[in-house]
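# the sequence and its predicted three-dimensional model are supplied below.
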Amino acid sequence: VCPTGEGEYVWTRKRADIPLECDVRVNGKRWQVEARGVHDESAGYHPRHTVWSWSAGVGRSGDGRSVGWNLVSGINDPPQRSERGIWIDGEPFEPGPVSFEGLGAIGFDGGSRLHFDSECERRREENLLLVRYAYRQPFGRFAGSLPGGIELEGGLGVMEHHDAVW
């Protein structure tokens, strides 16, 4: 649970690098896939105008360990007890605050940095007068390093920038 600074709260639970199964059927064709992924649950009372950046993904470290992350700035991100998390072989730890460099990279204290290459993107802008939002959400590949000297051999995931008035 994270306070919003306006006397409200947001509840969130994130898990990364978990096993997922997918069964998709389209026009008589079926695809069954087993993969690693991210589970994201959130609810709460955000400030009327909220701007945030977020990233989640999975991958492998250079020494073969399984890696997952959920990183955020601008929402649910106090210095401690935030929704930020990194999982190494299923064991989570909370990194310190991160800085998003647009939608191209994420910086950590101590110099670690994840670089991002977009392969496809969702985006939308909507203005319904009382409610409006704009977001970009590219999906792609990650490279670089995580705190603790963990080199990422390769990773897949998402970056997001969202600006909402609700």
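Yep, it's here.

# residues making contact with the helix or strand encompassing Leu20?
Here Leu20 sits within strand 9-26, counting by DSSP states H and E. Residues outside strand 9-26 that contact it (Cβ atoms under 8 Å, 6 or more residues apart in numbering): 1-4, 30-46, 56-58, 66-70, 75-76, 83, 85-87, 90. All C-beta atoms are positioned from the backbone trio N, CA, C, and that covers glycine.

# buried set for it?
Val10, Thr12, Lys14, Arg15, Ala16, Asp17 (16 or more other Cβ atoms under 10 Å).

# equivalent analysis for stretch 80-87, please.
Neighbour-count burial for stretch 80-87, counted by 16+ other Cβ under 10 Å, picks out Ser82, Glu83, Arg84, Gly85, Ile86, Trp87.

# again with stretch 49-61
Thr50, Trp52, Ser53, Trp54, Ser55, Ala56, Gly57, Val58, Gly59, Ser61.

# in strands, which of the residues you listed fall?
Among the buried residues of stretch 49-61, the residues falling in strands (DSSP state E) are Thr50, Trp52, Ser53, Trp54, Ser55, Ala56, Gly57, Val58, Gly59, Ser61.

# ok, the third one - contacts?
Contact criterion Cβ under 8 Å, 6+ apart gives Val72, Ser73, Gly74, Phe100, Leu103, Met159, Glu160, His161, His162 as the residues in contact with Ser53.

# ok, now with 10 Å
Listed by Cβ atoms under 10 Å, 6 or more residues apart in numbering, the contact partners of Ser53 are 71-75, 77, 98-103, 106, 136, 159-162.

# over to the fifth one?
With contacts taken as Cβ under 10 Å, 6+ apart, Ser55 has the following neighbours: 38, 69-73, 84, 98, 100, 103, 105-106, 114, 116, 142, 157-160.

# kindly recompute the last result at 7 Å.
Counting by Cβ atoms under 7 Å, 6 or more residues apart in numbering, Ser55 touches Trp69, Leu71, Ile106, Gly157, Val158, Met159.
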